[in-house]
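J.: make a model of this:
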Amino acid sequence: MRRKMLGAFAGVGLLVAGLSLPVQAHHSLSAEFDQSKPISFNGTVKRIDWGNPHIYTHVETKEGDKTVVYKVEGGAPNALYRQGWREDTLKPGDAVSVRGIRAKNPESPNIGNATITKDGVSIFQGQKR
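T.: Sure, this is the predicted structure:
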C-alpha cells in the first residue's frame, strides 16, 4: 500500500512539475504567411539570428532605389544542425537567392517557407509550393 501511494504521489508531482514549465506556442505557416504572395530576390546576408524556435537570416536587397532587409524564417536550430547547417554555413556578406512567401502583415519584413540558395546550392529548403 505504501509503495502504491508513493508511486501515485511521484506521478502527481511529475505532472505538476511539467505543467509549471513555460509553454511555447507555435504558429502554423498560414497563420503568419500568405501563400498567394510569393517573392524571390537576390541579396546579401546581413546577419543570422540563431535561436529557438526558428533561426532568422537577414538578407539585404535592392527594390528600385531603396534598400530592404528581409527577415527570412528558417527551421529550428537543432533540426538545421542535423541537416548539416552550422553557424558558419552562411556568413554576413554572402550572396544568396531567396524564394519564399511574404508575411500577411504588409509592413512585416518576414519571409516564410523559404528556400535559400548560395552558389547554386540549396542551403535551406522550405516546403514545396
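J.: OK, contacts around the residue nearest to Lys37 when sequence neighbours are not counted?
T.: Once flanking residues are discounted, Lys37 sits nearest to Arg102: 4.1 Å by C-beta to C-beta, 6 or more residues apart in numbering. C-beta here means a position set from N, CA and C on the backbone, and glycine is covered the same way. Arg102 sits next to 33-34, 37-39, 108, 110-111 when contact means C-beta atoms under 8 Å, 6 or more residues apart in numbering.
J.: so Val98 touches Ala114, yeah?
T.: Yes. Between Val98 and Ala114 a contact is recorded at 5.7 Å, counting by C-beta atoms under 8 Å.
J.: helix or strand: which one has the residue nearest to Lys37?
T.: Per DSSP states H and E, Arg102 falls inside strand 95-103.
J.: tell me the buried residues in that strand?
T.: Within strand 95-103, the residues scored as buried using 16 or more other C-beta atoms under 10 Å are 96-103.
J.: okay, now the unreliable bits of the protein?
T.: Applying pLDDT under 70 to the chain picks out residues 1-31, 125-129.
J.: hmm, try it at 90
T.: Counting by pLDDT under 90, the chain contains low-confidence residues at 1-37, 50-54, 73-77, 79-89, 103-115, 117, 119-129.
J.: hey, which strand is longest across it?
T.: For the chain, the strand that runs over the most residues, judged by DSSP state E, is strand 33-49.
J.: what comes up buried for the helix or strand that that one is followed by?
T.: Helices and strands here follow DSSP H and E; after strand 33-49, the next one along the chain is strand 56-63. Going by neighbour count (16+ other C-beta under 10 Å), the buried part of strand 56-63 is 56-59, 61.
J.: check stretch 64-80 too.
T.: By neighbour count, with 16+ other C-beta under 10 Å as the criterion, the buried positions of stretch 64-80 are 70-75, 77, 80.
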